[in-house]
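Visitor: got a predicted structure plus its sequence, pasted below:
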Amino acid sequence: MSGHAKLSRVFWRFYGGLIVLVAVLAVAGAWAAIRDVHGQEIADAEGDLRHFAYLFREILEPALAKGDAAEASRVAAFAAAQDIRLTIVDPQGRVLADSDADPASLDNHGQRPEILDARRNGFGQSHRTSKSTGEKTMYAAVSVVHDRRLIGFVRSATTQSDLDKREAGRVRQAMLGAGGLACAALIVGLMFTGHLDRQFRGEIALMLERNALYDELRASQERFQLATRATSEGIWDWDAKTHAMSWNEGYYRLLACERDAVAPSFDARIDRVHPDDRQTMADSFDEFLTSDRSVWTAEYRLRKSGGSYVWVFDRAFIVRDDRGTPVRVIGSMMDVTDRKQAERMKSDFVSFVSHQLRTPLSGMNWMLELAAQSPGLPSAASDHIADARESADRLATLVNDLLDISRLESGRLQVVIAPVKVGALTRAIVDEAQPLVRDKGHRVDVTTADERTIEADEQLLRQAMGNLLSNAIKYTPSGGTIRVAVTQDNGFVQWTVTDSGIGIPKTSQARLFEKFYRAENALAAETEGTGLGLHLVRLIVDQFGGQVWCESDEGKGATFGFALPASEARS
């Protein structure tokens, strides 16, 4: 048997086993990814339904309190225009309004599982076959309580067919990712197997080994070139020493131009980035080159040949020499325009609804204030006006929180960065909260070791501190103790508030800072809240490069806190 034959047999034994292993792992990875996608899609759908149910509960509470069926029908029609399935039910189970059907044609909903759970716990959710449409449907329902009196239920729903459509898109992405990883593993495995084969043959087969390596390298290059031509992603390869760059066919497809229209170069790549994203993207890439990280990611807009822009997700891997100097960077770009548009549409919808509610709310508050000042007003009418003003204030707070969240998530909120004295701001916020503290008979202790300064927007920081302090006051039984502390650790200023309230279950703590999420015991206690306050705190702290956390044992109180980078200056 010739040396070349022995070499090929050894090589293909190793590489054949690797192909089988990669194939098995790729199939297993794709299967696991599909399972994760299914679970995530269901979790996202449940979160959306919960979100819509609580949002429309706040909108409908005044109408249900007054028994205004016409207003309920208008809200249901508005939900239908937004492709939201909404059902409004009275305390006896009768359907008052429905976004998809005539209420008169629907039977009594009082025994629906989600309605029964909402009646018992304030919130109910179920997955079942709809008695009205015969389709598999997911439901979320919340009770509407006014003056401690149950006045109805609000239920949102989505069908299994809608979930399947959304899930199919994610599955396609998962399969493409698994295929890309399998190709990369085969290429890396090919190089490793060739190296192992060279070591095995040693000096005896040096010449034969060189020939085999040449053949394998050429085959590897051909496979790599074939893979880059076949993939829909844009692949770019940059030589950090010579600054030479190459692009694959997918890159030109993203640019919507032919190969001879644009010569690949580093400057041409940067020039195609949207002016608003260019500096941020360039700074991020320069910082990556000088760091010790191996992976860089960014999202930005890329100009096509016609002048329009496409959103791309850019992910790059770096190769360094023994001294850590960058030698080569290889990256891939994926078109994420559809995802960006969906995120923008969702944010714009929330912002639009909030803006539309703000103007009538302002007028409502003004009219209620004038009514409260009317001479000779009966005490019963005065009480009703006070209740109405309180409800309007709650709704105004919800609208303002939604607007702030929308602006923070989209980057459209104007932030004014300036030095902020954390101790002084903390004391001012505690002083402002004294009326609430006195109403519940609490004691608030404030500890500030010294006057620390951070760089932040004072109004946003005031909002974050106020949200955490008001939560501590709200969820602590009367006569409790609340401790607020400002400390410094490893270059960060830490702000914490500790209460002696109802605490938070361990199962709920991981999701506390999600939008519209409220812990189970908070719902059972029937305390007012929208699930937006803690999410807003997280967005504000993230804005200034900080971290937020919670520590709690159910029934033993909770500690909420955040840490922000400290300024060097200290007053």
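Guide: Ah, there it is. Residues are numbered from 1 along each chain as shown.
Visitor: which helix or strand contains V20?
Guide: Assigned by DSSP states H and E, V20 belongs to helix 3-66.
Visitor: let's verify the residue sitting nearest the centre point of the chain: helix, strand, or coil?
Guide: The residue lying closest to the centre of the chain (Cα atoms, centre = their mean) is E514, at 7.8 Å. Classification of E514 using DSSP: H, G, I helix; E, B strand; the rest coil returns coil.
Visitor: cool, D107 as well?
Guide: coil.
Visitor: so how far is Y300 from it?
Guide: According to Cβ to Cβ, to the nearest Å, D107 stands 53 Å off from Y300. For every residue, glycine as well, the C-beta is placed using N, CA and C.
Visitor: and for R166?
Guide: R166 is 26 Å from Y300, by Cβ to Cβ.
Visitor: which one's more surrounded, the two?
Guide: For R166 and Y300, the more surrounded residue by other Cβ atoms under 10 Å is Y300, and the numbers stand at 20 against 13.
Visitor: mind listing the residues bridging to that one?
Guide: On the basis of DSSP bridges, Y300 is bridged to V312.
Visitor: and the pLDDT at it?
Guide: Y300 carries a pLDDT value of 89.
Visitor: surely it meets V310?
Guide: No - applying Cβ atoms under 8 Å as the test, Y300 and V310 come out as separate, 10.1 Å apart.
Visitor: three-state assignment of the nearest residue to K241 once chain neighbours are set aside?
Guide: Nearest non-adjacent residue to K241, counting by Cβ to Cβ, 6 or more residues apart in numbering: V327, 6.6 Å away. What three-state DSSP gives for V327 is strand.
Visitor: tell me how many other residues crowd V327.
Guide: For V327, the count of nearby residues is 11 (other Cβ under 10 Å).
Visitor: that one touches L289, doesn't it?
Guide: No - at 10.9 Å, V327 does not count as touching L289 under the criterion of Cβ under 8 Å.
Visitor: which residues are in contact with both of the two?
Guide: A240 (Cβ atoms under 8 Å, 6 or more residues apart in numbering).
Visitor: okay, helices next: where are they in the stretch 251-400 of the chain?
Guide: Secondary structure of the stretch 251-400 of the chain (DSSP state H, counting those that start in this stretch): helices located at 266-271, 275-290, 337-372, 379-410.
Visitor: residues near T498, how many?
Guide: Neighbour tally, T498, other Cβ under 10 Å: 19.
Visitor: contacting residues around it?
Guide: With Cβ under 8 Å, 6+ apart, T498 has these contacts: 472, 482-485, 557-559.
Visitor: over to L302?
Guide: 254-255, 272-274, 309-312, 333.
Visitor: narrow those to those in strands?
Guide: Judged by DSSP state E, the contacts of L302 include 309-312, 333 as members of strands.
Visitor: which of the residues you listed sit farthest apart?
Guide: Farthest apart among the ones in strands among the contacts of L302 by Cβ to Cβ are Y309 and M333. That separation is 13.2 Å.
Visitor: who has more neighbours, these two?
Guide: More crowded of Y309 and M333, by other Cβ under 10 Å: M333, with 23 against 16.
Visitor: for the more buried one, which residues are in contact?
Guide: 233-236, 250-251, 254, 302, 312-315.
Visitor: now S382
Guide: A372 are the contacts of S382 under Cβ under 8 Å, 6+ apart.
Visitor: tell me the pLDDT of G189.
Guide: Confidence score, pLDDT, at G189: 64.
Visitor: right, I mislabeled it, should have said V327
Guide: At V327, pLDDT is 90.
Visitor: would you check how far apart it and H146 are?
Guide: V327 is 68 Å from H146, by Cβ to Cβ.
Visitor: cool, K440 as well?
Guide: Distance from K440 to H146, by Cβ to Cβ: 22 Å.
Visitor: do A372 as well
Guide: 19 Å.
Visitor: distance between the ends of stretch 235-250?
Guide: Chord length of stretch 235-250, first to last residue, is 7 Å (Cα to Cα, to the nearest Å).
Visitor: pull out the buried positions in it.
Guide: 235-238, 240, 245, 247-248, 250 (16 or more other Cβ atoms under 10 Å).
Visitor: adding distance to H384, write these out as TSV.
Guide: Below are the buried residues of stretch 235-250 laid out as TSV (distance: Cβ to Cβ, whole Å):
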residue	distance to H384
I235	68
W236	67
D237	72
W238	70
A240	73
M245	72
W247	69
N248	70
G250	65
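Visitor: mind checking how far whichever helix or strand T507 is part of is from the chain centre?
Guide: Using DSSP H and E, T507 maps to helix 506-509. In terms of Cα atoms, centre = their mean, to the nearest Å, the centre of helix 506-509 is found 18 Å from the chain centre.
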